[in-house]
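Asker: Sequence unavailable; structure follows:
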Ligand code: NCD
Ligand code: ZN
């Protein structure tokens with residue numbers, strides 16, 4: 001049987017949620033990933049030293065072998081004086097959600113310029129700015145493209161600030177990141193490497209923000225990743241919602257990709273003749289950007305069929321019912 005062994009990866013954008021369900025989601029992630037950049041859009045959000053430590057401990061109680069890399073959500077009231085304190089307890093990034101752009105972002109930022117003092121403090125503390133890069137007022141397919149000038153302005157004002165355009169979804173986004181200095185990078189999800197808007201129209205389980213776009217957008221993301229460009233690294237954005245919240249008229253945005261991530265990535269990279277680049281994409285490039293050491297643990301993925309279940313913990317997983325030619 002064919003198999004590949006790689007450094008146990010990092011998931012550099014993951015929603016572990018909270019409460020009882022978090023037990024399943026955290027175990028699912030720890031199974032495939034050594035570390036994860038844990039997103040702060042819980043309810044209430046993760047915003048302070050106290051809430052970061054509480055959330056981190058609740059994750060470690062479930063999966064002590066997993067290393068949660070903590071983030072905080074930037075709110076209009078975030079105090080720049082808190083940034084060094086957050087940095088001191090190991091917070092690795094601050095997340096900027098434009099208000100109303102995605103799930104649990106109503107308390108986000110409406111006008112980016114109000115964050116200036118916070119961004120300055122983050123630049124000084126060498127804390128990464130993680131951005132949900134969509135302009136909520138724009139047409140849904142143009143939201144990422146229309147947001148890019150904001151990143152450009154931020155980079156002009158805070159040239160040393162490291163910025164991640166999370167879950168890049170468009171050709172414009174890819175071209176923009178390529179054109180910017182080396183501290184401007186992007187995370188890439190499995191679903192934006194695979195889906196187009198057609199998949200979202202046909203199946204509300206695939207609905208997520210940013211919306212997967214046209215084939216040419218997907219091709220552009222693929223080209224950036226498969227070429228090994230070090231500015232594009234893996235962050236799943238796996239975002240589980242209970243089945244009832246997806247199979248309804250107003251389906252929530254978020255795709256639960258965790259159960260299929262490494263097998264499907266292996267299949268995709270193999271089909272595109274670049275399996276040798278998978279390890280850098282999931283285990284090295286992100287660590288290089290965040291300046292954290294590579295993990296020592298390894299993981300093996302096998303060329304062996306896996307049938308994706310129709311439901312996992314009350315959630316419809318991505319690619320439900322399909323067969324993947326690799327498994328763990
Ligand atoms: C995410 C969620 O459900 O928390 N949803 C999504 O569509 N991606 C939030 C996010 O990362 O945008
Ligand atoms: Zn996300």
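Answerer: Nice, I can see it. What you are looking at is a predicted structure, and each value in this text was computed from that prediction instead of being measured. Ligands and ions are numbered 1, 2, ... in the order given.
Asker: now residue 146, what's its secondary structure?
Answerer: Using DSSP: H, G, I helix; E, B strand; the rest coil, the structure places residue 146 in helix.
Asker: how close does it get to ligand 1?
Answerer: Separation of residue 146 from ligand 1 (Cβ to the nearest ligand atom, to the nearest Å) stands at 16 Å. C-beta: built from backbone N, CA, C; applies to glycine.
Asker: right, and that residue touches residue 140 too?
Answerer: No - between residue 146 and residue 140 there is no contact under Cβ atoms under 8 Å: 10.8 Å.
Asker: who touches both of these two?
Answerer: Residues touching both residue 146 and residue 140 (Cβ atoms under 8 Å, 6 or more residues apart in numbering): none.
Asker: Which single residue of this structure ends up nearest ligand 1?
Answerer: Of all residues in the chain, the one sitting closest to ligand 1 is residue 254 (2.8 Å; Cβ to the nearest ligand atom).
Asker: In contact with the closest residue to that residue other than its chain neighbours: list those residues for me.
Answerer: Closest residue to residue 254 apart from its sequence neighbours, by Cβ to Cβ, 6 or more residues apart in numbering: residue 239 at 3.0 Å. Each residue near residue 239 by Cβ under 8 Å, 6+ apart is listed here: 15, 103, 208, 253, 254, 255, 256.
Asker: now swap in residue 203 and tell me
Answerer: Per Cβ under 8 Å, 6+ apart, neighbours of residue 203: none.
Asker: Could you report the separation of it from residue 230?
Answerer: 33 Å (Cβ to Cβ, to the nearest Å).
Asker: now residue 310
Answerer: 37 Å.
Asker: Of those two, give the one with the bigger neighbour count.
Answerer: residue 230 (14 against 10; other Cβ atoms under 10 Å).
Asker: tell me the secondary structure for that one?
Answerer: coil.
Asker: And the pLDDT at it?
Answerer: Among the per-residue scores, residue 230 holds a pLDDT of 98.
Asker: surely it meets residue 288?
Answerer: Yes - Residue 230 lies in contact with residue 288 (Cβ under 8 Å); the separation is 6.8 Å.
Asker: and the stretch 151-300 of the chain, which of its residues are near ligand 1?
Answerer: 208, 209, 237, 239, 253, 254 (Cβ under 6 Å from any ligand atom).
Asker: of those, closest to residue 292?
Answerer: residue 237 (19.7 Å; Cβ to Cβ).
Asker: any idea how far residue 132 is from the closest one?
Answerer: Taken as Cβ to Cβ, the span from residue 237 to residue 132 is 10 Å.
Asker: between these two, what contacts are shared?
Answerer: With Cβ under 8 Å, 6+ apart, residue 237 and residue 132 have common neighbours 166, 167.
Asker: if I look at residue 201, how far off is residue 40?
Answerer: From residue 201 to residue 40 the distance is 30 Å (Cβ to Cβ).
Asker: okay, the two: which has more neighbours?
Answerer: residue 40 (23 against 11).
Asker: what about residue 286, which SS state?
Answerer: helix.
Asker: Repeat that for the one 10 residues further on.
Answerer: Remark: residue 296 carries the secondary structure label coil [criterion: three-state DSSP].
Asker: Which residue, other than its chain neighbours, is closest to residue 5?
Answerer: residue 300 (4.6 Å).
Asker: can you check residue 253 too?
Answerer: Nearest to residue 253 is residue 209, by Cβ to Cβ, 6+ apart, at 4.4 Å.
Asker: Count the residues that sit near that neighbour.
Answerer: Residue 209: 21 neighbours (other Cβ under 10 Å).
Asker: Pop out the phi and psi values for it.
Answerer: As for residue 209, its main-chain torsions (degrees, to the nearest 10) stand at phi -110, psi 140.
Asker: what residues are up against it?
Answerer: 101, 102, 103, 132, 134, 253, 254.
Asker: all helices for this structure, in order.
Answerer: 21-32, 49-62, 82-88, 116-125, 143-157, 171-179, 190-194, 197-202, 215-226, 243-246, 261-271, 278-279, 285-290 (DSSP state H).
Asker: Quick check: the gap between the residue nearest to residue 254 and residue 83.
Answerer: Residue 239 is 26 Å from residue 83, by Cβ to Cβ.
Asker: wait, what's in contact with residue 320?
Answerer: Contacts of residue 320 (Cβ under 8 Å, 6+ apart): 205, 308, 309, 310, 311.
Asker: That should have said residue 168, apologies.
Answerer: Counting by Cβ under 8 Å, 6+ apart, residue 168 has contacts 133, 144, 174, 177, 186, 187, 188, 192, 221, 232.
Asker: mind running it again at 7 Å?
Answerer: Contacts for residue 168 (Cβ atoms under 7 Å, 6 or more residues apart in numbering) come out as 174, 177, 186, 188, 192, 221.
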